[in-house]
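Chemist: please work out how this folds:
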Amino acid sequence: MQQDSSTPINDFVVDDCFADDDLITSETEIKVATNDFKQIFAQQKSFLERDNFEYELGPSGGNEDPFGENFADMASFEIIDVFGEGDFSARPVIVFYAYRLPSNKTFDHLKFLRFVQFTLDKIVDQDYTILYFHYGLRSNNKPPFKWLFNVYQLLDRRYKKNLKALYLVHPTKFIRFVWRIFQPIISFKFEKKLHYVNSLNELSFFVSTTNLNLPQPIIDFDQSVSSSSLKSTINQGFDNNVEKNLPPRPTQQFNVSLKFIMDHNPNCDIPPIVSDLIDFLQEHGLQTKGIFRRSANVTTVKSLQQRINMGEKIDFLRDPEFEGDLESSIVLASVLLKTFLRSLGEPLITNKLYPELTLLAG
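Modeler: Numbers count the residues shown, from 1 in each chain. Below is the predicted model of the structure:
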């Protein structure tokens, strides 16, 4: 969960680091899933108007009381754990383990949805937190997309109101795909409760992981991911030390002074990168909510900085880095602009200019 100095700690960072997965196998599957959701949205009332989810939850085995159903079979899978005081605010924590989901060919997803409601109903009248461990979700145990929609509908205002945080641990690109589909119906208030967390170490800043009795497969996977990240960080640090000993290139625009940039671009009134980024954001990003509160994958940002410093002009619409994802390119452009301003080492409005600006304002 990458943060920058302008991003509040509780912001939902949509374009953070995502691992590869096999959950979305083709462009065709993406189009089919998207069309399915459009049809579902067209058939449903606004989720703000709905107060009866029993139809979506399906029958309760002939029992009129949905909470009188026997869920022993669902509980035996141990997909959900509940801890009385799991986070640092002494709130109850509900934990979901994706790797424990059985084969989607045999699993009763409707009954599991009722089991989720049954579990949540015990604590929703007080503040609570949800942890979702994404590790282990595969194409053979992935729930249907319509089921995911029903889960969100299940969380009506009563459930959303006291949910204080929902942590998505070890996210992959599938999470980003699902987010893009759900974004039109997710309220801004609910969005702010969502967090991406890439490691148990990051999670430990918000939740007491030692009290969760995490399954060994989760711990083993986290250690493998953390080990890979550490090697990458060490190699990156070595490369940075080498670069620091070299003089800046004439085309460099990051981590150099404003004077250096303008001396090497005498035909420009402002740094070229600023002009490029603002032109792109004005044309494509003005309708993007919270554009300067979001952060992006640090590795991608550094890669783009290096290319710009080499004199390359980035095409934010067609560059392979963005894979045709306009929202990602908009967020990355805004992050690059913030990064550029921080890298100058001095404010644009200097103490020397302050009296003149005061006169203009007066």
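Chemist: OK, contacts around residue 356?
Modeler: By C-beta atoms under 8 Å, 6 or more residues apart in numbering, no residues touch residue 356. Heads up, the C-betas are built off the backbone N, CA and C, glycines and all.
Chemist: run the last query once more with 10 Å
Modeler: Contacts for residue 356 were tallied using C-beta atoms under 10 Å, 6 or more residues apart in numbering; they are residue 349.
Chemist: so which helix or strand takes in it?
Modeler: helix 354-361 (DSSP states H and E).
Chemist: now residue 96
Modeler: strand 93-97.
Chemist: could you dump that strand to PDB, C-alpha only?
Modeler: This file holds the C-alpha atoms of strand 93-97, laid out as PDB (Å, rounded to 0.1, in the frame of the first residue of the first chain):
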ATOM      1  CA  VAL A  93     -12.500  -8.500  13.000                       C
ATOM      2  CA  ILE A  94     -14.000 -10.800  10.400                       C
ATOM      3  CA  VAL A  95     -11.500 -12.600   8.300                       C
ATOM      4  CA  PHE A  96     -12.100 -14.300   4.900                       C
ATOM      5  CA  TYR A  97      -9.600 -16.700   3.400                       C
END
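Chemist: tell me the strands beside it, with direction?
Modeler: According to DSSP bridges, strand 93-97 forms sheet pairs with strand 80-83 (antiparallel), strand 128-133 (parallel).
Chemist: mind checking which of those is nearest residue 299?
Modeler: Closest to residue 299 of those is strand 128-133 (C-beta to C-beta; 23.2 Å).
Chemist: what's the distance between the next helix or strand after that closest one and the middle of its chain?
Modeler: Next helix or strand after strand 128-133 toward the C-terminus (DSSP H and E): helix 145-154. On the basis of C-alpha atoms, centre = their mean, to the nearest Å, helix 145-154 sits 19 Å off its chain's mean C-alpha point.
Chemist: what is helix 145-154 packed up against?
Modeler: With contacts taken as 3 or more C-beta pairs under 10 Å, 6 or more residues apart in numbering; DSSP states H and E, helix 145-154 sits against helix 27-43, helix 54-57, helix 109-120, helix 173-182.
Chemist: measure how the third one sits relative to helix 145-154, angle-wise.
Modeler: It refers to helix 109-120. Per axes from the mean of the first three to the mean of the last three C-alpha atoms, to 10 degrees, the angle that helix 109-120 makes with helix 145-154 is 30 degrees.
Chemist: elements contacting helix 109-120?
Modeler: Using 3+ C-beta pairs under 10 Å, 6+ apart: helix 109-120 touches helix 54-57, helix 72-76, strand 80-83, strand 93-97, helix 145-154, helix 157-162.
Chemist: and the ones you listed: which comes nearest residue 251?
Modeler: Across these, closest to residue 251 is helix 145-154 (C-beta to C-beta), at 46.0 Å.
Chemist: buried stuff in that closest one?
Modeler: 145, 148-151, 153-154 (16 or more other C-beta atoms under 10 Å).
Chemist: of those, closest to residue 110?
Modeler: Residue 110 has its nearest neighbour among the buried residues of helix 145-154 in residue 150, at 8.3 Å by C-beta to C-beta.
Chemist: can you say which of the strands paired with strand 93-97 is packed in most?
Modeler: A comparison of the strands paired with strand 93-97 by mean neighbour count, using mean count of other C-beta atoms under 10 Å, puts strand 128-133 on top with a mean of 22.
Chemist: hmm, back to that, lowest-confidence stretch among the helices and strands packed on helix 145-154?
Modeler: Within the helices and strands packed on helix 145-154, confidence is poorest for helix 54-57, with a mean of 44 (mean pLDDT).
Chemist: list the contacts of residue 325.
Modeler: 15, 176, 180, 331-332.
Chemist: could you dump these into TSV and include neighbour count and distance to residue 159?
Modeler: Shown next, in TSV, are these (neighbours: other C-beta atoms under 10 Å; distance: C-beta to C-beta, whole Å):
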residue	neighbour count	distance to residue 159
15	22	27
176	18	24
180	15	23
331	25	29
332	26	34
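Chemist: greatest separation within those: which pair is it?
Modeler: 180 and 332 (15.7 Å).
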